[in-house]
Structure formats: structure tokens, C-alpha cells
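Peer 1: turn this into a structure:
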Amino acid sequence: MTDAADLAARVQAGEVRLHELEQHADADVAAEARRLILTEETEADLDAIGAYTFDAADAGPNIENMVGAAQVPMGIVGPIHVDGGAVERAKHLPLATTEGALVASVNRGCAAIRAADGATARVLKNAMTRAPVFRVADVGEASEVASWVRENVDELAAAAESTTNHGELRDVTPYVVGDNVFLRFAYDTKDAMGMNMATIATEQACERVVESTPAELVALSGNLCSDKKPAAINSIEGRGRTVAADVEIPRDVVESYFKTTPEAIAEANTRKNLIGSAKAGSLGFNAHAANTVAAAFLATGQDIAQVVEGANAITTADVREEGLYASVTLASLEVGTVGGGTNLPTQAEALDVIGVSGGGDPAGANADALAEVIATAALAGELSLLGALASNHLASAHEELGR
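Peer 2: Next up is the predicted model:
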């Protein structure tokens, strides 16, 4: 059996390429060989990177040229009390982060929500998108293509859904820019985040468009999707799960947990999250929703780059007779409980903590529940930061925690 040192020597001699090592040894030996090469070339100590606990072969679908694993500290917040469309009981949420005070802050917000008898959360829309771009001769042909698409959504759905046992095409919206036609396909991808599902299904549907219209496919993604980039269309139409959470907190609870008043929190939200964000031209009108989303994504095996869309959120805060009403609406939270990084051992365990690992019953219920829990935790984080700002405790809190 080939050992790591021999394999490393063969790479250095030019006999084997770095990405071919798994063809000559098992995945753990291949990873060790790469670490040996890196250590010799850089003199870096890779003991921590190599101290992972799962079989490297388990990460085969998720990584190339594996050398080890990045270990990020993981904390827990909760219990999160939420009345959801898919969430049935109080949940804990693992958060993986290197930002000190984040878990403590979200946890403070969760405690305030518990004291207020819990939050409400609902998934308002579920539509993973892919938007190919086609070339046409002129706007006359563009109009012809757009009209054909609107009249033949059922045919496109049959083609798209022939590639998957789970995905359902919900809508196809044409957009014309001169001699460009963009078709924004929107899918219910059930418990999968669904980007790969949507891509494969859309490719099949595009063949029908090309066969039946003058359009020529230029690129399967034309950026109108829009994936992993700030985009107003995702703020308006949503992508993945559009999910909202809200809570009404009695005045005495606000004062006890946040050391400030509902009026001060509402004013801070208006001046910071709404007016300040508008002046900055931001697509996110929130305090730091991306913090909670990113930490939850890392912990539960989501596509981390999609925190770009996850930060696409609006936080509101209003004074009511009983105290403070607050909400957060995340327009494009792209989450899944099957596929991708959710299959990795650490991330699968984190999903088990929430109780949403694997496919739900009915299909899509687990991903809906995950979205509702993350949204409620994001609301908790918004409340806590707004409270810290309104009470002028932000700097002192970080100082006290040594961050």
C-alpha cells in the first residue's frame, strides 16, 4: 500500500499530479501527502489542519486537493422559542464563528424573546432561481421568445422536472434587454438548497426554448438569478426561502434585558438601519443579520458564499402600547438540510441538534424549519445589537468580554 511519504515524493518528482493522489491511495493518505509537500515547501506546521475527525473520503463531493479541515469554534444559542409554520418546539441553534461576543449577543436576544413568550416566524416564499441568457437578432425576436415562454410554462416545467424527483418549476419570467433575453426560472427544491438541481433542470428546459424559438443559449447563468452577488431582484422577488420573524416584547422586558427603552431601540433602528442604510445605498436594512446567518451557515453546512443573499434583510422596530414590536425579513435565505455540506459529519450533527437533518415530512418541512430558526436567531441578534447601541453599551460589552 502506498504511504504518504512515497506519494509526496512521486508528486515532487513529477510522476503524479497533486490532484491525482486519490487515484493512487485512499483519501486520508492523499491528504497527508499534500500536507507533507506543503510542510517541506513552506515550513508551515500543519498539525492542526491535519487533525480532523471524519474520513477524508466523506468530503469527496465537497472539496478538491484536500489537505485537512478548517476548525471554527462553535457555540450554541437558545432555546429559541418560536411559533413557526414548520417549527414545532423550542430549538437550540449551533453557531460557528470567530467573532467574540456574537454568540453572547444573540443569546441575550433569545432570552428576551423567551421572556416575551416567543417569536413568530413563517417562510413566505420558496423559490430557488436560475436565469440563463439567450441571444436573439433584435427586439422583435426577443418579444417572440418572451411570448412563447409565457404561453408554454407547462412544457418547460415538464422538461425541467424530468431531471429531478423532487424539484418543481413554479415560474419562468422573461426579461428583455435589446438582443438579450433572460429567463428567470424559479423552483421549489424541497429540503435541498437546490442550486445544482435548478441548474440541471434549467439546462433541460433551455433545450426546448432553443428548439422552439429563434433564441440561442449563450450562458446557463446570466446573473439575473442572482447567485452570490448583491442584487435588488433578490430583495424584491426573493431567492431560496423568503422568511420573516417578529416578536412583541413588553416594556419591562426591554428595560430588563437591554437596559434601555422601546422608544430608544425604535429610534436607533430608524436612524441606523433604515435612514443610514438608505443613505449608503445598501440592499440590507439591518444591523448585522449577516453575522447570525454566516455563523449558522458554517455550523450547518450551507453554501457559505450565499451569506451575500442572506444579509439581504430588513429590520423594523416600532413602539406599541405594550412595549416594542420588532421584525426581521430575510428576502433570500438559501438553506437546505440535504445535499452539499449538510452531509459532512460535523454539520450533520449540528442539524441533528436543531432536529432538521435530512429530508422532512412533508418534503421541504426541514428546510423551512431551519429557515425559521435562523430568522428568529437573526431577530434576536438584531434586538441585542440595537439594545446595545441604544444604551451605549456596545463598546463596553466588547471590552468586558475581552474582544
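Peer 1: and residue 13, what's its pLDDT?
Peer 2: Note on residue 13: pLDDT of 93.
Peer 1: now residue 392
Peer 2: Here the pLDDT value assigned to residue 392 is 83.
Peer 1: do the one 5 residues further on as well
Peer 2: Per-residue confidence (pLDDT) for residue 397: 49.
Peer 1: quick one, phi/psi of the residue nearest the centre of the chain?
Peer 2: Residue closest to the average C-alpha location in the chain (Cα atoms, centre = their mean): residue 334, at 4.2 Å. When read as degrees, to the nearest 10, the backbone of residue 334 gives phi -100, psi 100.
Peer 1: from residue 187, how far out is residue 360?
Peer 2: Going from residue 360 to residue 187 by Cβ to Cβ, to the nearest Å gives 17 Å. Backbone N, C-alpha and C define where each C-beta goes, glycine included.
Peer 1: equivalent analysis for residue 320, please.
Peer 2: In terms of Cβ to Cβ, residue 320 sits 38 Å off from residue 187.
Peer 1: higher neighbour count, those two?
Peer 2: Per other Cβ atoms under 10 Å, whichever of residue 320 and residue 187 has more neighbours is residue 187, with 27 against 13.
Peer 1: now that one: which helix or strand?
Peer 2: strand 180-188 (DSSP states H and E).
Peer 1: and if you look at residue 352?
Peer 2: helix 345-354.
Peer 1: who does that helix touch, helix- and strand-wise?
Peer 2: Using 3 or more Cβ pairs under 8 Å, 6 or more residues apart in numbering; DSSP states H and E as the contact test, the elements touching helix 345-354 are strand 91-96, helix 289-300, helix 365-390.
Peer 1: which positions within that helix qualify as buried?
Peer 2: Across helix 345-354, burial judged by 16 or more other Cβ atoms under 10 Å covers 346, 347, 348, 350, 351, 353, 354.
Peer 1: next SSE downstream of the strand holding residue 187?
Peer 2: helix 195-212.
Peer 1: mind listing the strands for this protein?
Peer 2: With DSSP state E as the criterion, the chain has strands at 74-80, 82-84, 91-96, 119-130, 133-135, 168-177, 180-188, 216-219, 240-250, 313-320, 323-333.
Peer 1: can you say which of the ones you listed is nearest to residue 194?
Peer 2: Proximity to residue 194 (Cβ to Cβ) singles out strand 119-130 among the strands of the chain, at 4.0 Å.
Peer 1: quick check: neighbours of the closest one in the sheet, parallel or antiparallel?
Peer 2: Taking DSSP bridges as the criterion, strand 119-130 sits next to strand 82-84 (parallel), strand 180-188 (antiparallel), strand 240-250 (antiparallel) in its sheet.
Peer 1: next one: residue 302 relative to residue 388, how far apart?
Peer 2: Distance from residue 302 to residue 388, counting by Cβ to Cβ: 27 Å.
Peer 1: show me which of the two is the more surrounded one.
Peer 2: Counted by other Cβ under 10 Å, residue 302 and residue 388 do not tie: residue 302 has more neighbours, with 27 against 23.
Peer 1: and the more buried one, what does it touch?
Peer 2: Shown in contact with residue 302 (Cβ atoms under 8 Å, 6 or more residues apart in numbering): 193, 296, 334, 335, 336, 340, 341, 342.
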